[in-house]
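**Student:** let me see the structure of the following:
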Amino acid sequence: MKAIILERLHADHHRYAALLCILDRQLHIAACDELPDYRLLARLCHYLTRQPEEWHHPVEEVLFARLAGCHAQSAELLAVLTEEHRRITRDGNALEATFRRQADDMPEDELDFGRLNLARAFSELYHHHLHSENRHIYPLIERCIPAAELDEMSPHIPLSRPAEGSPGFLTLYRQIADHHTGLRLGHGEQADFCPLCEARPAPSS
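**Tutor:** Model prediction:
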């Protein structure tokens, strides 16, 4: 049975990947010379930046330190991932501010190419970061740190308030689910499903 901390970390990654997919779809809309939803982009960047800093990254860094002590070969990758935590926070905060200004001051203007590329770079880094942890680090943690030891950490790490129950996430979820926002691709096209709320396009009559 998987340790509860790892279950929570994996659940977070699944949620982040879903939100990144919706962010990527909004950036595709912008690349099609259409107007993305700037307030949605700001809220996506807010959640993808602030929630990991509140719980996810601090927990990972405790586990990274423990893993480095028993698996020295992972030290270089762990250092890279820790630096990526800082970059995700820095770039996500900057993008959130950018999209909020755009929503407030220039909601009818297309997203300029420079900001679009910055947002794409943020998404690419985030996707790569999740892949590295899922593919390489989490399996090492499971293999090298006994599940009983991981479970013993739980009383010292707050697990009682899951991220998906936070008011900020519920607002973001409703914004996406109520209007099927996660399906939008640009040029009037829709995706086959929403990765967050699992909505699907209405059948054509």
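
**Student:** so what does the longest helix anywhere in the chain touch, helix or strand wise?
**Tutor:** Criterion DSSP state H: the longest helix present in the chain is helix 75-105. Under the contact criterion of 3 or more Cβ pairs under 8 Å, 6 or more residues apart in numbering; DSSP states H and E, helix 75-105 touches helix 38-51, helix 57-70, helix 113-132. The way it works is simple: take the backbone N, C-alpha and C, and place the C-beta from them, glycine included.

**Student:** out of those, nearest to G188?
**Tutor:** helix 38-51 (17.9 Å; Cβ to Cβ).

**Student:** run the angle between that closest one and helix 113-132 for me.
**Tutor:** 40 degrees (axes from the mean of the first three to the mean of the last three Cα atoms, to 10 degrees).

**Student:** so how many other residues sit close to the residue lying closest to R120 once chain neighbours are set aside?
**Tutor:** Using Cβ to Cβ, 6 or more residues apart in numbering and skipping the chain neighbours, the partner closest in space to R120 is L27 (5.9 Å). By other Cβ atoms under 10 Å, 21 other residues sit near L27.

**Student:** orientation of the host helix or strand of L27 relative to helix 75-105 in degrees?
**Tutor:** Following DSSP states H and E, one finds L27 within helix 4-31. Here the directions of helix 4-31 and helix 75-105 differ by 50 degrees (the same axes, to 10 degrees).

**Student:** from I4, how far off is the residue nearest the centre of the chain?
**Tutor:** Nearest to the mean C-alpha position of the chain, counting by Cα atoms, centre = their mean, stands Y16 at 2.9 Å. Y16 is 19 Å from I4, where distance means Cβ to Cβ, to the nearest Å.

**Student:** check the offset of stretch 28-45 from the chain's centre.
**Tutor:** 16 Å (Cα atoms, centre = their mean, to the nearest Å).

**Student:** can you list contacts of it?
**Tutor:** With Cβ atoms under 8 Å, 6 or more residues apart in numbering as the test, stretch 28-45 has contacts from 19, 22-23, 26-27, 92-93, 95-96, 99-100, 102-103, 107-108, 110-111, 116, 119, 122, 168, 171-172, 175-176, 181, 184-187.

**Student:** what about that stretch, start to end distance?
**Tutor:** 16 Å (Cα to Cα, to the nearest Å).

**Student:** pull the contacting residues for the residue nearest to the centre of the chain.
**Tutor:** Contacts of Y16 (Cβ under 8 Å, 6+ apart): 48, 52, 126, 130.

**Student:** what is the lowest-pLDDT residue among the residues you listed?
**Tutor:** Lowest in pLDDT among the contacts of Y16 is P52, which has 93.

**Student:** pLDDT at the nearest residue to that one once chain neighbours are set aside, what is it?
**Tutor:** Distances taken as Cβ to Cβ, 6+ apart put I88 closest to P52, at 7.0 Å, once the chain neighbours are dropped. Model confidence at I88, given as pLDDT, is 97.
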